[in-house]
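**Q** Output the structure for:
(chains A and B)
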Protein chains: 2
Amino acid sequence: MKKLINSPDDVVTDALRGMAAAHPELRVDVKNQLVYRADGPRQGKVALVSGGGSGHEPMHGGFVGIGMLDAACPGAVFTSPVPDQMLAATQGVDGGAGVVHIVKNYTGDVMNFQLAAELAADEGVKVESVLVNDDVAVEDSLYTAGRRGTGATPLVEKIAGALAEAGGDLASVASVARKVNDRSRSFGTALTSCTTPSAGAPTFDLGEDEIELGIGIHGEPGRVRRKIGPASELVEIAASAILEDYPFDRGDRALVFVNGMGGTPLIELYVVFSEVARILEGRGVAIGRSLVGSFVTSLDMAGYSLTLLKLDDDLEKLWDAPVKTPALRWGT
Amino acid sequence: MKKLINSPDDVVTDALRGMAAAHPELRVDVKNQLVYRADGPRQGKVALVSGGGSGHEPMHGGFVGIGMLDAACPGAVFTSPVPDQMLAATQGVDGGAGVVHIVKNYTGDVMNFQLAAELAADEGVKVESVLVNDDVAVEDSLYTAGRRGTGATPLVEKIAGALAEAGGDLASVASVARKVNDRSRSFGTALTSCTTPSAGAPTFDLGEDEIELGIGIHGEPGRVRRKIGPASELVEIAASAILEDYPFDRGDRALVFVNGMGGTPLIELYVVFSEVARILEGRGVAIGRSLVGSFVTSLDMAGYSLTLLKLDDDLEKLWDAPVKTPALRWGT
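**A** Numbers count the residues shown, from 1 in each chain, chains lettered A, B, ... in the order given. Take a look at the predicted model:
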């Protein structure tokens, strides 16, 4: 295993120290593994908290800031944060208007966020939980009952964060977050396995010319293994899986999110984007907004995921609203 | 070789098609391999043109937009664009105030940009050329006489682009670009080789626990191969090489740019950043600005480069000015 780390045990805290040094607009509690907006809590503003295992960077710490998350709780690599972290984050960001938990659908995350929400409610904090479960590839997996939460997560966080920043109340912010999740679908493809620092060896084996379709962001199994083919063919499979599950009609507008899994260069993501554009054009679907880059990663895995979000005027407006985080920034 | 491409011959044009589809604020001439600001040419504004081999994305096409480049000319993978491309870009962006060529110090790029500048001058376009040669690792290499141009390139482009946007004249824009290059130093480290689509096999071989210090962005040799060690040790070597070449004094402020080479996950870049912060703190050097991410890549190479730019008030102001490109964006 070759990684730019000091030791497998220190990778999360070392990376948090790096975030603190690089981003003074964040307040990073390295010991308790919490990333806050430095200017929080904001009185009267609904706050957003997310979290999950580390290894998916920039998700979630890189999405903390104006117009997106108020705090993130990173767990150990591919391991849910604990309820105490989530409770501390929830209490730390509450400005009296309530807190929205954005929870990717993995068993550990769901259980721990639920417990934290109950504990926070006992302390008088109003909490709404929003589940992200956009992955059409598999139902039930090693980590999940139902569908996994993947590429839709930053879209939910950006759009709900914009409404919170604009003064939306707890119910409205939770509602728009659920709306984004409901209108999003994702499908991932792995060219290589990831390697966790603690295991030091690939999580799974893929042959020299083999890929896995429908892969999860922890290297958990997808639908099928097959030989690699041209991008046009692989993207067709991903887009078809999404569009069969959630049809887009002629005239619909999509936010197209082509996401790198951590080890895939940007030039390949743009090749994928060109194939998605071709497919959507053939169906009369317009590309309303786009996002290309590695935002929901699986350590060093090579591969990509495609997410399509069906836009409307409200969602476009919230997407375009100013955001200032380490990983997504515009208008600020 | 596993890559998300259709064929090695089509990777650059397919990726450009993807850029065109994802970024309507760009005008992409796929056939001639040119990326322009859609709102150009801007009358009276000094224009910036850069270019070089593909495989380093988002450099340079991802840096085209408000406050940065007016056009980029991507060549084939790791191959200089041709003078005709550069000439077309230069003529296409000229708004009467002249054009600055930002040229990384590789033999092919230097020769072709020089020829293009002469041809443009014959057509009445004033051109200033700025050479980027920030890499302290090696003098003279497979691709270069003198020092290679690497991580400083986006810093030069961002800062000179800001001055051009603010109305700086040709001499001032070229001068601030040279100032950024003069005050920047870089050092790269490879954990793995890159694999070019046409070769289909790694450019060089590294053992299971081996790394190469001082690597170039085309996989060209660095200073030395050795066994991998903890990040603290590797970053110490890189930072020392930079600081021996260009000392920073107590009280100086650095822009710290930790750059991924294409196959390295963000969590590792933040581990590197924490080590750089520790070293600078020990020397009394402040982190004035920072940039963390994969901006100057070498296809799928795992590894990173460190760039330090010695800031002053003018450079900080220009760095903070609004920018709107696919890869760098704030304030717009």
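
**Q** Can you pull the residues of the stretch 1-150 of chain A lying near chain B?
**A** By the rule C-beta under 8 Å from any C-beta of the partner chain, the part of the stretch 1-150 of chain A lying against chain B is A:2-7, A:11-12, A:14-19, A:21-23, A:54-55, A:57-58, A:62. For every residue, glycine as well, the C-beta is placed using N, CA and C.

**Q** Please check those and keep the buried ones.
**A** Buried members of the residues of the stretch 1-150 of chain A next to chain B, scored by 16 or more other C-beta atoms under 10 Å in any protein chain shown, are A:2-6, A:11-12, A:14-19, A:21-23, A:54-55, A:57-58, A:62.

**Q** tally of neighbours for residue A:87?
**A** For residue A:87, the tally of surrounding residues (other C-beta atoms under 10 Å in any protein chain shown) stands at 23.

**Q** Same question for residue A:253.
**A** The criterion is other C-beta under 10 Å. On that basis, residue A:253 has 19 neighbouring residues.

**Q** and if you look at residue A:31?
**A** Tallying neighbours of residue A:31 according to other C-beta under 10 Å, which is how burial is gauged here, yields 8.

**Q** Go ahead and confirm residue A:18 touches residue B:273.
**A** Yes - counting by C-beta atoms under 8 Å, a contact exists between residue A:18 and residue B:273, whose distance comes to 3.6 Å.

**Q** Which ones among the residues of the stretch 1-150 of chain A next to chain B lie within helices?
**A** In this view, the residues of the stretch 1-150 of chain A next to chain B that belong to helices under DSSP state H are A:11-12, A:14-19, A:21-22.

**Q** What strand or helix carries residue A:48?
**A** Using DSSP states H and E, the element containing residue A:48 is strand A:47-54.

**Q** List the buried residues of that strand.
**A** When neighbours are counted by 16+ other C-beta under 10 Å, the buried residues of strand A:47-54 are found to be A:47-54.

**Q** And stretch A:98-106, by the same measure?
**A** Along stretch A:98-106, these residues count as buried under the neighbour rule (16+ other C-beta under 10 Å): A:98-106.

**Q** Widest-spaced pair of these?
**A** A:98 and A:106 (24.0 Å; C-beta to C-beta).

**Q** Next one: residue A:165 relative to residue A:37, how far apart?
**A** Applying C-beta to C-beta, to the nearest Å, the value for residue A:165 to residue A:37 is 11 Å.

**Q** list the residues that contact both of the two?
**A** Where contact means C-beta atoms under 8 Å, 6 or more residues apart in numbering or on different chains, the residues bridging residue A:165 and residue A:37 through contact with each are residue A:66.

**Q** The stretch 201-332 of chain A: helices as residue ranges?
**A** In the stretch 201-332 of chain A, the segments counted as helices under DSSP state H, counting those that start in this stretch are A:231-245, A:266-282, A:313-320.

**Q** what does the shortest one contact?
**A** What that stands for is helix A:313-320. Residues outside helix A:313-320 that contact it (C-beta under 8 Å, 6+ apart): A:155, A:158-159, A:162-163, A:166, A:176, A:179-180, A:183, A:253, A:255, A:288-289, A:309, A:311, A:331.

**Q** Just the buried ones from the residues you listed?
**A** A:155, A:158-159, A:162-163, A:176, A:179-180, A:183, A:253, A:255, A:288-289, A:309, A:311, A:331.

**Q** So which of the residues you listed are in strands?
**A** For the buried ones among the contacts of helix A:313-320, membership in strands holds for A:253, A:255, A:288-289, A:309, with DSSP state E as the criterion.

**Q** For chain B, tell me which of those show up nearby.
**A** Within those, nothing lies near chain B by C-beta under 8 Å from any C-beta.

**Q** Number of residues surrounding residue A:278?
**A** Applying other C-beta under 10 Å, we find 17 residues neighbouring residue A:278.

**Q** go on, the one 5 residues further on?
**A** Residue A:283 has 14 neighbours, counted by other C-beta under 10 Å.

**Q** One more: residue A:30?
**A** For residue A:30, the number of neighbouring residues by other C-beta under 10 Å comes to 16.

**Q** Quick check: phi and psi on it?
**A** Backbone geometry at residue A:30, expressed as degrees, to the nearest 10, gives phi -60, psi -40.

**Q** And chain A, what are its domain boundaries?
**A** A:13-183, A:184-321 (automatic domain parsing).

**Q** need those in CSV with mean pLDDT, can you?
**A** Below are the domains of chain A laid out as CSV (pLDDT from 0 to 100):
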stretch, mean pLDDT
domain A:13-183, 97
domain A:184-321, 97
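
**Q** Looking at those, which one is packed in the most?
**A** When you average the neighbours per residue for each of the domains of chain A (mean count of other C-beta atoms under 10 Å in any protein chain shown), domain A:13-183 leads with a mean of 22.

**Q** Start and end of that domain, how far apart?
**A** The stretch domain A:13-183 measures 35 Å between its terminal residues, going by C-alpha to C-alpha, to the nearest Å.

**Q** can I get the CA coordinates of stretch A:141-154 in CSV?
**A** Extracted in CSV, the C-alpha atoms of stretch A:141-154 (Å, rounded to 0.1, in the frame of the first residue of the first chain):
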residue,chain,number,x,y,z
SER,A,141,-26.3,-4.3,0.4
LEU,A,142,-23.5,-5.0,2.9
TYR,A,143,-24.0,-1.6,4.5
THR,A,144,-27.7,-0.8,3.7
ALA,A,145,-31.3,-1.8,3.9
GLY,A,146,-32.9,-0.3,0.8
ARG,A,147,-31.0,2.0,-1.5
ARG,A,148,-27.7,3.6,-0.7
GLY,A,149,-27.1,7.3,-0.4
THR,A,150,-24.5,8.4,-2.9
GLY,A,151,-24.1,11.2,-5.4
ALA,A,152,-27.3,13.1,-4.5
THR,A,153,-25.9,14.0,-1.1
PRO,A,154,-24.0,17.2,-2.1
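
**Q** Let me see the ranges of the helices in the stretch 51-200 of chain A.
**A** Counting by DSSP H, counting those that start in this stretch, the helices of the stretch 51-200 of chain A are A:83-93, A:107-122, A:152-165, A:170-182.

**Q** Please consider this matter closed, and thank you.
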